[in-house]
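K.L.:
Turn this into a model:
(one chain, ligands or ions: 2)
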Amino acid sequence: MRTQHRKPTHEDPGCFTIVYQDEVGVLQVHKDDQWIPLVPSKDKLVVNIGDVIQRLRTALRVKRIKENIMASLDIPTIDFSLFFSSEENVEGKKKVMEQMGEACSTYGFFQIANHGIPLDLLSRTMDMYKTFFACSDEEKLLVPDSYFKSTQSSAETYEHLAYRLSSSGFPVCPKNPPHFKQVLEEMASHFTKLGVLLEGIISELLGLPPDFLANYRSDRSRNSLMGLHYFPATEDENTGKPAHEDPGCFTIVYQDELGGLQVQKDDQWIPIAPCKDKLVVNIGDVIQVLSNNKFKSATHRVIRPRELNRYSCAVFYNVHGDKWIEPLTRFTKEIGESPKYRGFLFREYLQLRLRNRTHPPDRPEDLIHITHYSISN
Ligand SMILES: O=C(O)CCC(=O)C(=O)O
Ligand SMILES: [Fe+2]
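P.N.:
Ligands and ions are numbered 1, 2, ... in the order given. As a prediction, the model looks like this:
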C-alpha cells in the first residue's frame, strides 16, 4: 500500500500555530533525526513555533519562548472568577476545586487566573521593588531586618526585601519610593484575603472542615511579603535560587515577564510561563506533612536570564514557630494510613533547613526526611 503524505515536511512561516487534530492524528514532529507522532487528544491543542519567532531573536530567547509555551500547556491554570462573583454556582465552584485538588496532588503547583488582586496594584508593587533595588547599598541597608543580599560565595545570586504581613503595620520602610508603606498595606490586605480563600479550599479538599486551616494558622503574623531581584546570569552560572521546597503552608508568586521559575516533576524541570494577569501558587512542606503526602510540596528553582535583571514578588503563608507539625489524625487514625512523618516543631525545622543550606543533602527533596530523622532521633 502506498504511504499517504497529507502534507510534506515543512515549517510554518508565521509566528506560531495552534492545531486541533481529529482522532486519526497524523501530525508528526521532527526531533533529533526522528519523527515523533503527536498523539491526538480531544481536549488538547498542539502549539508550534513558526519561522518568524525562530528568526526573531537569539537562540536563547527562542528557547525561552518555546519553554514558556510548553509550560503554559503543562502547569494547570485555574480560573477563580467564580469565587469573586455574586453568583451562587455551587457546581461550578466544585469543579474548580477539583482542578485545584488535582494540581496540588500531581504538581504541587498551579496558576490562578482571575485571582481578584488588582493588576494595577501588582504592577505598582513590582515598580516599587525595582526602585528600591536600584538604590545604593547604603540606602538599602537602612532597613537591615528586611533587606538581604546573597554573598558571592553563596549559590544564591539575588537580593530581597521581606516584610511580615502583621497587623502592627510596617514601622521601618524605605524612604524611596515614598509610597512604599501604602503599597505594602494594600498588598497585605489583598493577599491576606486571597490566602483565606485558598486555605478554606485546601481544607475542604483534604476532607477537613472549611475553617480548619484558618484555625490552625490563626496566628497570621508569620505571613510575609518578599520582593526579589535576581542579578543577570553570567557566562557559566545562571542559578537564581537553587532547587528547594518552601517550608510553610503555601506560597503565591508573581514573576515579571522574563519568567525563570521552574518546577520539578518526574525528574524534569518545567518552566512556569510568566503571565501578567496570573499568580503562581505552590504547596509548602507544612501542608505536605499535615496531609500525609496527599498534597505535594514540589521542588522548584529560579533560573536567571542573561544580561537582564529579573524581579518577582512572593507571599509566604507560614505558621508560628511553636506549631507542632505532624500528619493529621484525619489521615492516620480515621483513614488508617501509616504516618509518613513523625512530628516536629516548625521552628526547629526552619533551623535545620538553615543549617543544611551550606551542606545540602544530595537531593533537596530529601531535606524534609532528614529533618524528620534528626528531630525525632
Ligand atoms: O522568585 C521566584 O519566582 C520564586 C522564589 C522562591 O521560590 C522562593 O523565594 O522561595
Ligand atoms: Fe520557593
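K.L.:
C-alpha from now on. contacts and neighbour counts both.
P.N.:
Will do.
K.L.:
Off-centre distance for stretch 282-292?
P.N.:
The chain centroid and the centroid of stretch 282-292 are separated by 14 Å under C-alpha atoms, centre = their mean, to the nearest Å.
K.L.:
cool, and stretch 20-35?
P.N.:
The answer for stretch 20-35 is 32 Å, by C-alpha atoms, centre = their mean.
K.L.:
Tally up the residues packed near residue 354, please.
P.N.:
Using other C-alpha atoms under 10 Å, residue 354 has 12 neighbouring residues.
K.L.:
any idea how far the residue in the stretch 1-150 of the chain that ligand 1 sits nearest to is from residue 35?
P.N.:
The nearest approach of the stretch 1-150 of the chain to ligand 1 comes at residue 109, 11.4 Å away (C-alpha to the nearest ligand atom). In this view, residue 109 and residue 35 are 32 Å apart by C-alpha to C-alpha, to the nearest Å.
K.L.:
More neighbours: the two, which one.
P.N.:
residue 109 (30 against 11).
K.L.:
May I have the phi/psi pair for that one?
P.N.:
phi -140, psi 150 (degrees, to the nearest 10).
K.L.:
By mean pLDDT, point me to the weakest helix or strand of the protein.
P.N.:
helix 367-376 (a mean of 56; mean pLDDT, DSSP states H and E).
K.L.:
Please report phi then psi for the closest residue to ligand 1 within the stretch 51-200 of the chain.
P.N.:
Proximity to ligand 1, evaluated over the stretch 51-200 of the chain using C-alpha to the nearest ligand atom, is greatest for residue 160 at 8.8 Å. When read as degrees, to the nearest 10, the backbone of residue 160 gives phi -140, psi 160.
K.L.:
Contact partners for the residue nearest to it when sequence neighbours are not counted?
P.N.:
The shortest distance from residue 160 to any non-neighbouring residue, by C-alpha to C-alpha, 6 or more residues apart in numbering, is to residue 228 (4.4 Å). By C-alpha atoms under 8 Å, 6 or more residues apart in numbering, the contact set of residue 228 is 129, 158-161, 311-314.
K.L.:
Please apply the same query to residue 163.
P.N.:
Taking C-alpha under 8 Å, 6+ apart, we find residue 163 in contact with 146, 170, 224-226.
K.L.:
Direction included, what does the helix or strand containing it pair up with?
P.N.:
Here residue 163, judged by DSSP states H and E, is contained in strand 158-164. If you go by DSSP bridges, strand 158-164 pairs up with strand 147-149 (antiparallel), strand 224-230 (antiparallel).
K.L.:
ranking those strands by burial, who's on top?
P.N.:
Highest mean neighbour count of these: strand 224-230, a mean of 22 (counted as mean count of other C-alpha atoms under 10 Å).
K.L.:
right, and the helix or strand after it?
P.N.:
The first helix or strand that comes after strand 224-230 along the chain, using DSSP H and E, is strand 239-244.
K.L.:
do that following strand and ligand 1 meet?
P.N.:
No - applying C-alpha under 6 Å from any ligand atom, one finds strand 239-244 separated from ligand 1 by no less than 6.9 Å.
K.L.:
helices or strands next to that strand in the packing?
P.N.:
strand 300-303 (3 or more C-alpha pairs under 8 Å, 6 or more residues apart in numbering; DSSP states H and E).
K.L.:
average pLDDT across the strand it packs on?
P.N.:
For strand 300-303, the mean pLDDT works out to 94.
K.L.:
what does it rub up against?
P.N.:
By C-alpha under 8 Å, 6+ apart, strand 300-303 touches 238-245, 260-264.
K.L.:
Tell me the helix or strand right after it.
P.N.:
strand 310-317.
K.L.:
What separation is there between residue 15 and residue 292?
P.N.:
46 Å.
K.L.:
Mind checking which of these two has more residues around it?
P.N.:
residue 292 (22 against 14).
K.L.:
Residue 148 reaches residue 157, doesn't it?
P.N.:
No - counting by C-alpha atoms under 8 Å, residue 148 does not reach residue 157; the two are 10.9 Å apart.
K.L.:
Residue 77: neighbour count?
P.N.:
Neighbour number of residue 77 under other C-alpha under 10 Å is 19.
K.L.:
Look up the closest residue to it, ignoring the ones flanking it.
P.N.:
residue 111 (4.5 Å).
K.L.:
what's downstream of the helix or strand harbouring that neighbour, the next helix or strand?
P.N.:
Under DSSP H and E, the secondary-structure element containing residue 111 is strand 109-113. Next in sequence after strand 109-113, counting helices and strands by DSSP H and E, comes helix 119-133.
K.L.:
Give the other helices and strands that that next one contacts.
P.N.:
For helix 119-133, the packing partners by 3+ C-alpha pairs under 8 Å, 6+ apart are helix 180-205, strand 224-230, strand 310-317.
K.L.:
Averaged pLDDT, the second one. What do you get?
P.N.:
Per-residue pLDDT values across strand 224-230 average out to 96.
K.L.:
So what's the gap between that strand and the chain middle?
P.N.:
The answer for strand 224-230 is 13 Å, by C-alpha atoms, centre = their mean.
K.L.:
what angle do that strand and helix 180-205 make?
P.N.:
110 degrees (axes from the mean of the first three to the mean of the last three C-alpha atoms, to 10 degrees).
K.L.:
And for the last one?
P.N.:
With the same axes, to 10 degrees as the basis, strand 310-317 and helix 180-205 are set at 60 degrees to each other.
K.L.:
List of residues touching stretch 327-340?
P.N.:
Defining contact as C-alpha under 8 Å, 6+ apart, one finds that stretch 327-340 is touched by 208, 289-293, 341-343.
K.L.:
Give me the buried entries from those.
P.N.:
289-293, 341, 343 (16 or more other C-alpha atoms under 10 Å).
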